[in-house]
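[1] sequence? don't have it. structure:
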């Protein structure tokens, strides 16, 4: 079985199993909110910056997902930085390595999708470098060592919601105990990103937190996939709005009816700078 490399290990997150486990243990925070009486967790949206910036949010959101789900055996992961006209991506066979060991692709489910929709096929030897999915994989391997994955890249377009819907339907028809994951960061603000509509300083930080990021978070909490896409494209407040919208769509097909914000922060909170990024962790449950 061919295995895709962990390209970002040792840079975006620790490069060894021991270091990954130690950092995950540092991240875990029992004080973070949990959905009340949520025993059927079906999906989540998580951020994808380097672990020192957004790892704590992603880690605790994924722990909540796996702790409150019934023996998940397949996770469909929606990610990648894409424009509305980008071609969808899928890795349909093999495995993806992590410092904690490889995660196998659910080739039956991925293959069914690849036969139905037009994708650019990724393999262990040929793929577009990507942080959005890779930074989640050590967390997944830690919390669910035997789970299989289906990595997908979907653009912010209505057609992506059809792919997400069918992915969840295949989870059911193939008898999987599945969950879905959307990977996106929020507003990228400041000169590094060419986006500074409110100038610089404390007023800009407050606008990002209370207005711009809040707008797309509210669409996620309302479980409105098209609203997430529209916000991401119109307000630049979700760099992978197609991935987040796809996760919401698939989670609803699996039975999710509620959403809860686990936590929110910005890179400014950790390292004040004129350029900063927003991060949120959100879970979907029945």
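    Happy to help now that I have it. None of the values given here were measured: they were computed from a predicted structure.
[2] what about residue 200, neighbour count?
    14 (other Cβ atoms under 10 Å). C-beta coordinates here come from the backbone N, C-alpha and C atoms, glycine included.
[3] Same check on residue 177?
    Neighbour tally, residue 177, other Cβ under 10 Å: 12.
[4] Contacts only, for it.
    Counting by Cβ atoms under 8 Å, 6 or more residues apart in numbering, residue 177 makes contact with 69, 70, 71, 72, 73, 74.
[5] How confident was the prediction at the fourth one?
    Model confidence at residue 72, expressed as pLDDT, equals 94.
[6] Surely it forms part of a strand?
    No: the assignment for residue 72, made by DSSP: H, G, I helix; E, B strand; the rest coil, is coil rather than a strand.
[7] Make sure it is actually in contact with residue 145.
    No: using Cβ atoms under 8 Å, residue 72 is not in contact with residue 145, being 11.6 Å away.
[8] Would you list the buried entries among the contacts of residue 177?
    Buried members of the contacts of residue 177, scored by 16 or more other Cβ atoms under 10 Å, are 69, 72, 73, 74.
[9] Mind listing the residues bridging to the last one?
    Beta-bridge partners for residue 74, by DSSP bridges, are residue 148, residue 178.
[10] and it, what does it touch?
    106, 109, 147, 148, 149, 150, 171, 176, 177, 178, 179.
[11] So residue 208: helix, strand or coil?
    Assignment for residue 208 (three-state DSSP): helix.
[12] Please name the residues that touch it.
    186, 187, 189, 198, 266, 276, 278.
[13] Reformat those as TSV; add pLDDT.
    Below are those laid out as TSV (pLDDT from 0 to 100):
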residue	pLDDT
186	98
187	98
189	98
198	97
266	98
276	98
278	98
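[14] Now list the buried members of those residues.
    The buried subset of the contacts of residue 208 (16+ other Cβ under 10 Å) comprises 186, 187, 189, 266, 276, 278.
[15] In this structure, mark out all the strands, start to finish.
    3-4, 41-46, 74-79, 89-91, 95-96, 103-104, 120-122, 148-153, 178-183, 188-189, 258-266, 276-285 (DSSP state E).
[16] residue boundaries of the helices in the stretch 1-150 of the chain?
    17-27, 56-67, 107-116, 137-143 (DSSP state H, counting those that start in this stretch).
[17] Lowest average confidence across these, which one?
    Among the helices of the stretch 1-150 of the chain, helix 56-67 scores lowest, at a mean of 95.
[18] Report all helices and strands that it contacts.
    helix 17-27, strand 41-46, helix 137-143, strand 178-183, strand 258-266, strand 276-285 (3 or more Cβ pairs under 8 Å, 6 or more residues apart in numbering; DSSP states H and E).
[19] Next, format the helices of the stretch 1-150 of the chain as a markdown table and append distance to residue 125 and mean neighbour count.
    Output for the helices of the stretch 1-150 of the chain, formatted as a markdown table (distance: least, Cβ to Cβ, whole Å; neighbours: other Cβ atoms under 10 Å):
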| stretch | distance to residue 125 | mean neighbour count |
| --- | --- | --- |
| helix 17-27 | 24 | 15 |
| helix 56-67 | 28 | 23 |
| helix 107-116 | 16 | 17 |
| helix 137-143 | 18 | 24 |
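[20] right, and those helices - which one's nearest residue 97?
    Among the helices of the stretch 1-150 of the chain, the nearest to residue 97 by Cβ to Cβ is helix 137-143 (8.3 Å).
[21] which residues are in contact with the closest one?
    Contacts of helix 137-143 (Cβ under 8 Å, 6+ apart): 6, 13-14, 20-21, 24, 58-59, 62-63, 66-67, 75, 96, 98-101, 103, 147, 149.
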